[in-house]
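**Student:** I'll drop the sequence and a predicted model, then ask my questions.
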Amino acid sequence: MSPANVSSAETAKFDRLAARWWDRDGESRPLHDLNPARLDYIAERVALNGARVLDVGCGGGILSESLARRGAKVTGIDLAPRVLEVARLHLHESGVRVDYREIAVESLAEEMPGTFDAVTCMELLEHVPDPGSVIHACAVLLKPGGRLLLSTLNRTPRAFAAAIAAAEYALNLLPRGTHHYAQFIRPSELAAVLRDNGLMLEDLSGLAYNPLSRRARIVKSTQVNYLACARKPA
């Protein structure tokens, strides 16, 4: 991302987790547990087989590889170099094909406008200084008729209790300092940014997670985690 829209502290934070990214019982456990529900949400809205899909903020490749297994031609981008190295190495174990690149989404938008059938951006917006810049770049990267699929955290007391107080402190599911409440995004705020970038919001759904059963499911309430699907008009 441009120097004004990337936090070196954030990329360093995720780089420290790189070696354990694919450990389903490690610090990335919630990402593994949430992945099936997110993947199903995407697959219900995008015909993945043969589609060109961009995964923004791909991390170690958990979602990217799952999309590739469904037949998508996946490009994954991130700015944490050690995490990307892990993602590339894991391809030798999984046998799937993903094109991983260390590049800002804004830079890729200048290079490849109107290229992708779908863009996914999961749990990234709350970690960048300017989420609107990310959404604008994603809109540019989409083909007409393409879809942007997002997940983030609502700025509510329930989200603070679940994502910070419980996940980071009480249950130690995430390293402390993973989230900052002020950077959580209300659905109305997200909808306004999508609209300003010419995208039509098609769906808002909640994502409920039970850390004891390690299961996630799509729900109506968007009070904590939520997913959004927006379409670029044809």
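**Tutor:** Thanks, I have it.

**Student:** make it CA atoms for all contacts and neighbour counts henceforth
**Tutor:** OK.

**Student:** same question for stretch 87-105, mean pLDDT?
**Tutor:** Stretch 87-105 carries an average pLDDT of 97.

**Student:** got it, and stretch 44-54?
**Tutor:** Mean predicted lDDT for stretch 44-54 stands at 98.

**Student:** who touches the residue most central in space within the chain in this structure?
**Tutor:** In the chain, the centroid-proximal residue (CA atoms, centre = their mean) is Met122; its distance is 1.3 Å. Residues near Met122 by CA atoms under 8 Å, 6 or more residues apart in numbering: Val56, Gly57, Leu149, Leu150, Ser151, Thr152.

**Student:** strands along the chain, start to end?
**Tutor:** 52-56, 73-78, 98-102, 116-122, 142-153, 200-210, 215-219, 225-231 (DSSP state E).

**Student:** any chance of those strands in a markdown table, with distance to Leu173 too?
**Tutor:** As requested, these are exported to a markdown table (distance: least, CA to CA, whole Å):
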| stretch | distance to Leu173 |
| --- | --- |
| strand 52-56 | 23 |
| strand 73-78 | 23 |
| strand 98-102 | 27 |
| strand 116-122 | 18 |
| strand 142-153 | 16 |
| strand 200-210 | 12 |
| strand 215-219 | 14 |
| strand 225-231 | 15 |
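
**Student:** out of those strands, which comes closest to His180?
**Tutor:** Checking those against His180 by CA to CA gives strand 142-153 as the closest, at 10.3 Å.

**Student:** contacts for that closest one?
**Tutor:** Strand 142-153 is contacted by residues 42, 46, 113-126, 138-139, 159, 184-186, 224-234 when judged by CA under 8 Å, 6+ apart.

**Student:** turn the buried ones among these into a named ChimeraX selection, would you?
**Tutor:** Of the contacts of strand 142-153, the buried ones go into a single ChimeraX selection, burial set by 16 or more other CA atoms under 10 Å:
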select :42,46,115,116,117,118,119,120,121,122,123,124,125,126,138,139,159,184,185,186,224,225,226,227,228,229,230,231,232
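
**Student:** Arg155: how many residues sit nearby?
**Tutor:** By other CA atoms under 10 Å, 18 other residues sit near Arg155.

**Student:** which one of the contacts of Met122 sits closest to Ala18?
**Tutor:** For the contacts of Met122, the closest approach to Ala18 (CA to CA) belongs to Gly57, at 13.6 Å.

**Student:** quick check: which ranges of the protein have low pLDDT?
**Tutor:** Along the chain, segments meeting pLDDT under 70 span 1-15, 17.

**Student:** save the contacts of Met122 as a markdown table, and put in neighbour count and distance to Leu31 too.
**Tutor:** Converted to a markdown table, the contacts of Met122 look like this (neighbours: other CA atoms under 10 Å; distance: CA to CA, whole Å):
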| residue | neighbour count | distance to Leu31 |
| --- | --- | --- |
| Val56 | 24 | 15 |
| Gly57 | 25 | 13 |
| Leu149 | 23 | 16 |
| Leu150 | 23 | 14 |
| Ser151 | 22 | 12 |
| Thr152 | 26 | 13 |
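
**Student:** out of these, which one sits closest to Glu85?
**Tutor:** Top of the list for closeness to Glu85, among those and by CA to CA, is Gly57 at 13.7 Å.

**Student:** let me see the contact set for the residue lying closest to that closest one once chain neighbours are set aside.
**Tutor:** Take Gly57 and drop its neighbours on the chain: the residue closest to it by CA to CA, 6 or more residues apart in numbering is Asp78, 4.7 Å away. Counting by CA under 8 Å, 6+ apart, Asp78 makes contact with Val56, Gly57, Cys58, Gly59, Leu84, Arg101, Glu102, Ile103, Ala104.
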